[in-house]
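>>> Only the shape, not the letters, is given here:
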């Protein structure tokens, strides 16, 4: 069965969400928040090889979440927030559904509390 065609922005979101699906990659993004680090500096925090960390960084670069600047063999990484903002905007489109459920839960909890008070 053929797969439906995705708009370019959906493909970009797919790449971002796939990159964010790994805990090591999420941790790398956290470490890059407010810092520009060498791949070797990133690798120090993980019990995996430098090459494995480098592969994780390449996934983040492909998703647009990390920018790399190379000088010879030295590679500096910095966080790129644009794709994350796009993913957050996509998720926030559905917040109205969560908000309604939270409001229903709050109403039910207030009713339970009111009944206990009697």
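Happy to help now that I have it. Since the structure is predicted, the reported quantities are computational estimates derived from the model, not experimental observations. Numbering: from 1, shown residues only.
>>> gap between the spatially most central residue of the chain and residue 27?
The residue lying closest to the centre of the chain (Cα atoms, centre = their mean) is residue 20, at 4.1 Å. Using Cβ to Cβ, to the nearest Å, residue 20 is found at 11 Å from residue 27. No exception for glycine: its C-beta is placed from N, CA and C like everyone else's.
>>> Same question for residue 98.
Taken as Cβ to Cβ, the span from residue 98 to residue 27 is 26 Å.
>>> Then residue 105?
For residue 105, the distance to residue 27 - Cβ to Cβ - is 32 Å.
>>> Looking at the two, which one has more neighbours?
Relative neighbour count places residue 27 above the other of residue 105 and residue 27, with 14 against 10, counting by other Cβ atoms under 10 Å.
>>> so which strand or helix has that one?
helix 23-32 (DSSP states H and E).
>>> So which other helices or strands are in contact with the helix or strand following that helix?
Using DSSP H and E, the helix or strand that follows helix 23-32 towards the C-terminus is strand 36-38. For strand 36-38, the packing partners by 3 or more Cβ pairs under 8 Å, 6 or more residues apart in numbering; DSSP states H and E come out as strand 74-79.
>>> list the helices and strands the strand it packs on packs on?
Against strand 74-79 (3+ Cβ pairs under 8 Å, 6+ apart) you get helix 23-32, strand 36-38, helix 39-43, helix 50-62, strand 66-71.
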